[in-house]
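Engineer: Output the structure for:
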Amino acid sequence: QVQLVESGGGLVQAGGSLRLSCAASGRTLSTYAMGWFRQAPGKEREFVAAIAWSGGTTNYADSVKGRFTISKDNAKNTVYLQMDSLKPEDTAVYYCAARRYWGWGDLSRLVDYGDWGQGTQVTVSS
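Structural biologist: I've put the predicted structure just below:
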């Protein structure tokens, strides 16, 4: 099991930026992928971005392509989500998640992620 702790959420105006962090512990991450998901009030949790720990393959939801960037720091066992050009519709609780990954498969499938953080609130005002 991977323990995940998110940080970095907050309130920002539309057009602004935030960087979320997700610190992972408990497992060697070389056979894992890390994902960010979000859930707005009254909506289902949805995929945002993911990165394979080994090789660095990334995947993004169409709604955030060109605005969000996922990255990782191997030494710190931390994954980041840099969010630029934020929009009010980006308002949600953002969750970090981990799944086993051996280099193939769809990284956007929520059901494949077995370990989750507690979530961090991101609010974008218009």
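Engineer: ok, now how distant is residue 46 from residue 40?
Structural biologist: For residue 46, the distance to residue 40 (CB to CB, to the nearest Å) stands at 8 Å. All C-beta spots, glycine's among them, are computed from the backbone N, C-alpha and C.
Engineer: State the phi and psi torsions of the residue nearest the centre of the chain.
Structural biologist: The centroid of the chain falls nearest to residue 36 when counting by CA atoms, centre = their mean (2.0 Å). Backbone torsions of residue 36, given as degrees, to the nearest 10, read phi -110, psi 130.
Engineer: how about it, what does it touch?
Structural biologist: Counting by CB atoms under 8 Å, 6 or more residues apart in numbering, residue 36 makes contact with 20, 22, 48, 49, 50, 70, 79, 81, 94, 95, 96, 97.
Engineer: ok, the last one touching residue 116?
Structural biologist: So that's residue 97. Yes - under the criterion of CB atoms under 8 Å, residue 97 makes contact with residue 116 at 4.9 Å.
Engineer: These two - which one has more neighbours?
Structural biologist: The neighbour comparison of residue 97 against residue 116 (other CB atoms under 10 Å) goes to residue 97, with 23 against 17.
Engineer: Okay, the spatially closest residue to the more buried one that is not a sequence neighbour and residue 20: tell me how far apart.
Structural biologist: Excluding the flanking residues, the one nearest residue 97 by CB to CB, 6 or more residues apart in numbering is residue 113, at 3.8 Å. Going from residue 113 to residue 20 by CB to CB gives 16 Å.
Engineer: And residue 112, by the same measure?
Structural biologist: Distance from residue 112 to residue 20, counting by CB to CB: 21 Å.
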